[in-house]
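# Generate coordinates for the sequence data below:
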Amino acid sequence: MRVSKIICFAVFAATATWADEVSIVSNILGPEGPLYVDGNLYYVGWVSNTLSKWDGKTTTVLNHTPGCGHNGLALTKQKTFLLASTEEHGAIL
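Okay, here's the model as predicted:
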């Protein structure tokens, strides 16, 4: 009986979370990341080979490297980005 109550609660909680989701940026080709830094949302598109910033109104492409396959995104202590490139040989930029 206890297990069924836990499962029922988990399904309800998951459903409630999904109902509250809002898309803030759409039409991203292979989104990864994201990072929220100083009021801006940064994310990569591995299909579009881009690093982008969304300031709440406008999306700006900060980096476009054809053939890079932008994938992972991290922020250093100095607030610079580490960007994983998954194409051909792979690299951290």
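# if I look at residue 76, how far off is residue 92?
For residue 76, the distance to residue 92 (C-beta to C-beta, to the nearest Å) stands at 11 Å. The way it works is simple: take the backbone N, C-alpha and C, and place the C-beta from them, glycine included.
# Name the residues contacting each of these two.
Shared contacts of residue 76 and residue 92 (C-beta atoms under 8 Å, 6 or more residues apart in numbering): residue 82.
# Run through who's touching stretch 69-84.
Counting by C-beta under 8 Å, 6+ apart, 32-35, 37, 42-46, 48-51, 63, 85-87, 90-93 sit against stretch 69-84.
# now the helices for the protein?
For the chain, the helices defined by DSSP state H occupy 2-19.
# looking at the protein, which helix or strand is least sure?
Least confident helix or strand, the chain: helix 2-19 with a mean of 48, by mean pLDDT, DSSP states H and E.
# now the strands for this protein?
Using DSSP state E, the strands of the chain run over residues 31-37, 40-45, 50-54, 59-64, 70-75, 81-85, 91-92.
# Including mean neighbour count, mean pLDDT and distance to residue 23, could those go into CSV?
Below are these laid out as CSV (neighbours: other C-beta atoms under 10 Å; pLDDT from 0 to 100; distance: least, C-beta to C-beta, whole Å):
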stretch, mean neighbour count, mean pLDDT, distance to residue 23
strand 31-37, 16, 88, 11
strand 40-45, 20, 92, 12
strand 50-54, 20, 92, 12
strand 59-64, 13, 92, 13
strand 70-75, 17, 88, 19
strand 81-85, 18, 88, 24
strand 91-92, 10, 83, 30
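# The ones you listed into TSV, with extra columns for distance to residue 25?
Output for the strands of the chain, formatted as TSV (distance: least, C-beta to C-beta, whole Å):
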stretch	distance to residue 25
strand 31-37	8
strand 40-45	7
strand 50-54	5
strand 59-64	6
strand 70-75	14
strand 81-85	18
strand 91-92	25
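# next one: phi and psi at residue 21?
Backbone torsions of residue 21, given as degrees, to the nearest 10, read phi -70, psi 140.
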